[in-house]
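Enquirer: here you go, sequence then predicted model.
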Amino acid sequence: MDIAVVTGSAGLVGGEAVRRFAPRFDLVVGLDNGMRQEFCGPAGSVARGLAEVRRVENYRHHAVDVRDQATVDEVLRTLGADVRLVVHAAGQPSRAWSARQPLVDFAVNAVGALNVLDSVRRHCGDAVFALVSATQVYGDVPDALPLVETATRWELDPAHPFHEHGVDESIRLDRADRAFLGVSKLSADLAAQEHGRQLGMKVGVFRCGSVTGPGQAGVPEHGFVSHLVRSAVRGVPYPVVGHGGKQVRDVLDVRDLVDALWEFSLDPRPGEVYHLGGGRERAASVLELIARYEHLTGVEVRFDYSSRPRFADPRWWISDTRKFRRDYPGWAPAHDLDDVLSTLHRHWSGVQEVVAPG
């Protein structure tokens, strides 16, 4: 029997992984205790996500907290060598929440990842392990780049090597301010790398930026693109925080991310680290995304502006995905910004909610 294990299986990345991998495996096992509702607020996305994956015929759910090493170990021991792929997508995603609860944040993101890694090593050591990491590991390092302010965005000096394709994996990690979320994510990231390099596990680390899709909560502390669209559909102000609304991110559809994880699973390169994002073609500032969404849908985006930026929130980030595309030439993002925004608009227009965002 071929088994895939997905942690955080009711979340954005985990839920998409369950749906996309189900036809490729005899069994998909999910580990998710629904704790993200505490991070993201009572938006109903946790219940919806769990209901959706439970509809997958060959899915088996375990309400497991990844901090509970004994229970994680028992699940993986029982599954054993039939496990072919593990996608670790469970995590605490909110930078603001991490500052309020740094001990819990570190336990979920760092200790939780190490618990899963260790159990995989001991019980299904030949499985491919994909860690969904985040660009928050770099903190505010991108703000040391030569940035130029334009009318609608912060932009990198065209003379800089990162300008054309974005930031590659050579960017430094040290001498940075970073949110506690970045600290915990980096700890998990480094531990996963060493399980590949020292212990021979088939581990890949994927540092993702702004990943989005209908499975995202769309709340202030997690998922800014989804939150923007959700706010517009509900007719409530969207909070633009700092940098004049000109901060730039490249947006990756979760479907494209999961396709990349699948490509890696077919030919894993132990210990490798990859940047995954939408690239320059799918990059926009907050102001530009607002204008694009309004043009696409005809829906006005009301917003409130706060001049104080979030701690260690860089003004500019675009991911250079060329390393991954060189290693896996069969992959390229298939969904552009208009597709992403249209998909989110259809989703939030069709969701009946009692609780307003924010």
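Expert: All right, it came through fine. Residues are numbered from 1 along each chain as shown.

Enquirer: state the distance from residue 189 to residue 287.
Expert: Distance of residue 189 to residue 287, given as C-beta to C-beta, to the nearest Å: 31 Å. C-beta: built from backbone N, CA, C; applies to glycine.

Enquirer: quick one: which of the two has more around it?
Expert: Between residue 189 and residue 287, counted using other C-beta atoms under 10 Å, the more crowded position is residue 189 (22 against 19).

Enquirer: quick check: closest non-adjacent residue to that one.
Expert: Setting aside the residues directly before and after it, residue 189 is nearest to residue 133 in space (C-beta to C-beta, 6 or more residues apart in numbering), at 4.6 Å.

Enquirer: ok, now which ones touch that neighbour?
Expert: 185, 188, 189, 192, 205, 206, 207, 208 (C-beta atoms under 8 Å, 6 or more residues apart in numbering).

Enquirer: repeat that for residue 157.
Expert: Residue 157 neighbours (C-beta under 8 Å, 6+ apart): 145, 146, 147, 148, 163.

Enquirer: so which of those would you say is closest to residue 103?
Expert: For residue 103, the nearest member of the contacts of residue 157 is residue 145. The distance, counting by C-beta to C-beta, is 32.5 Å.

Enquirer: isn't that closest one up against residue 156?
Expert: Yes. Counting by C-beta atoms under 8 Å, residue 145 does reach residue 156; the two are 5.8 Å apart.

Enquirer: got the end-to-end distance for stretch 160-178?
Expert: With C-alpha to C-alpha, to the nearest Å applied, stretch 160-178 spans 23 Å between its terminal residues.

Enquirer: tell me which of residue 145 and residue 156 has more neighbours.
Expert: Just comparing residue 145 and residue 156: by other C-beta under 10 Å the higher neighbour count belongs to residue 156, 22 against 18.

Enquirer: can I assume that one is in contact with residue 148?
Expert: Yes. Residue 156 is in contact with residue 148 according to C-beta under 8 Å; the separation is 7.4 Å.

Enquirer: hey, what's in contact with both of these two?
Expert: Common neighbours of residue 156 and residue 148, using C-beta under 8 Å, 6+ apart, do not exist here.

Enquirer: could you pull out the helices for the stretch 201-350 of the chain?
Expert: Listed in chain order, the helices of the stretch 201-350 of the chain (DSSP state H, counting those that start in this stretch) span residues 224-234, 254-266, 286-297, 322-327, 337-349.

Enquirer: find the nearest non-adjacent residue to residue 210, please.
Expert: Leaving out its chain neighbours, residue 210 is closest to residue 249 (C-beta to C-beta, 6+ apart), at 4.3 Å.

Enquirer: number of nearby residues for the one you found?
Expert: One way to gauge burial is a neighbour count; for residue 249, by other C-beta under 10 Å, it gives 23.

Enquirer: what about it, distance to residue 286?
Expert: Distance, residue 249 to residue 286, using C-beta to C-beta: 8 Å.

Enquirer: where do the contact lists of the two overlap?
Expert: When contacts are counted by C-beta under 8 Å, 6+ apart, residue 249 and residue 286 are jointly contacted by residue 224.

Enquirer: state the pLDDT value of residue 246.
Expert: At residue 246 the predicted local distance difference test score is 98.

Enquirer: please apply the same query to the one 3 residues further on.
Expert: Looking at residue 249, its pLDDT is 98.

Enquirer: circling back: now the angle between helix 254-266 and the strand or helix carrying the residue nearest to residue 189, please.
Expert: Using DSSP states H and E, residue 133 sits in strand 128-134. With axes from the mean of the first three to the mean of the last three C-alpha atoms, to 10 degrees as the basis, strand 128-134 and helix 254-266 are set at 140 degrees to each other.
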